[in-house]
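> sequence plus the predicted model coming up.
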Amino acid sequence: AKAAPKPIRWFSMPQLFRYEKQQRGRLREHFQLNCDLVGEAGPRADAEVIALAIDVCRELGLTADDFRVRLSDRRVIYTLLAQASVPAESFADVLGVIDKIERNGAAASRARLVELGLGDRTEAILAIAAIRSMGELHELADAWGLKAAEWEFSRVVAALEAMGLDAYLDVDFSIVRGLAYYTGTVFELFDRKGQLRAICGGGRYDTLLNSLGGANLPAVGFGLGDGVLGE
């Protein structure tokens, strides 16, 4: 990786196995398309990878009537949490609550935040998780004295819109991805009816390669399994 020209565009399609109970769209054995762009830190790389995920689904015959890309950005969430006076040591726990808010509901999420000692910050955290458009993001940022237009996430969304992909996009700050290594843009593809698990998930992970003993290179990528596609 160190010697190869950057950025590196890499993909694989392995057969994978999980040691867990089978569920609809999540099997103990499946094939998965992994695509990553390594060595490019800018918003255009994020947009390129998200556009690739969209194009893969379109190549399989799906359209904007069938699926949506729900995306957010951990850097933006961290900035908003800090502005809401949430301690940095609580960020990981708060992401865990946001990640499950759709499944657990607002009442259970509030109760969990109180358990974490964040009762006085609960409404601010839920306001972040409730963002569903760039307009709402800019409104909240303005109200809190921040400049959303300067954030890299705004340029990612603008790049995707410039590609003509806005029909597929839903800004959704309840999407944070469960894995701890994500550092920036995060996204998931879902069926429009909302009946299935995520078709695909990914995001930016600028520190992962280095933390595993590899080169210190920024990267962004996704995994797309055949289980939900089959459904």
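Noted; the coordinates are in hand.
> other SSEs contacting the biggest helix by length in the chain?
Longest helix in the chain by number of residues (criterion: DSSP state H): helix 43-59. When contacts are defined as 3 or more Cβ pairs under 8 Å, 6 or more residues apart in numbering; DSSP states H and E, helix 43-59 packs onto strand 29-38, strand 67-73, helix 152-162, strand 185-191, strand 200-204, strand 219-225. (Each C-beta comes from the backbone N, C-alpha and C, glycine too.)
> let me know the angle separating it from strand 219-225.
Orientation check (axes from the mean of the first three to the mean of the last three Cα atoms, to 10 degrees): helix 43-59 against strand 219-225 gives 20 degrees.
> buried set for helix 43-59?
43, 45-54, 56-57 (16 or more other Cβ atoms under 10 Å).
> that one vs strand 185-191, what angle?
Here the directions of helix 43-59 and strand 185-191 differ by 10 degrees (the same axes, to 10 degrees).
> so how far is helix 43-59 off the chain centroid?
For helix 43-59, the distance between its averaged C-alpha position and the chain's averaged C-alpha position is 13 Å (Cα atoms, centre = their mean, to the nearest Å).
> for stretch 74-94, same thing?
For stretch 74-94, the distance from its own C-alpha centre to the chain's C-alpha centre is 16 Å (Cα atoms, centre = their mean).
> if we can go back for a sec, and the helices and strands packed on helix 43-59, which is most packed in?
Comparing the helices and strands packed on helix 43-59 by mean neighbour count (mean count of other Cβ atoms under 10 Å), strand 200-204 comes out on top with a mean of 26.
> mind checking the pLDDT average for the helix or strand following that one?
Secondary structure here is assigned by DSSP states H and E; on that basis, the next helix or strand after strand 200-204 toward the C-terminus is helix 208-211. The pLDDT scores in helix 208-211 average 94.
> still on that earlier bit, wait, which of the buried residues of helix 43-59 is closest to residue 94?
Ranked by distance to residue 94 (Cβ to Cβ), these are led by residue 46 at 22.8 Å.
> residue contacts, the residue positioned nearest the centre of the chain?
Most central residue of the chain, judged by C-alpha distance to the mean C-alpha position with Cα atoms, centre = their mean, is residue 186 at 2.0 Å. Contact partners of residue 186, counting by Cβ atoms under 8 Å, 6 or more residues apart in numbering, are 71-74, 175-177, 201-204.
> low-confidence stretches in the chain?
1-2, 25 (pLDDT under 70).
> let me know the outermost residue of it.
No residue in the chain sits farther from the centre than residue 3, which is 29.6 Å out by Cα atoms, centre = their mean.
> next one: that residue from residue 218, what distance?
Noted for residue 3: a distance of 17 Å to residue 218, by Cβ to Cβ, to the nearest Å.
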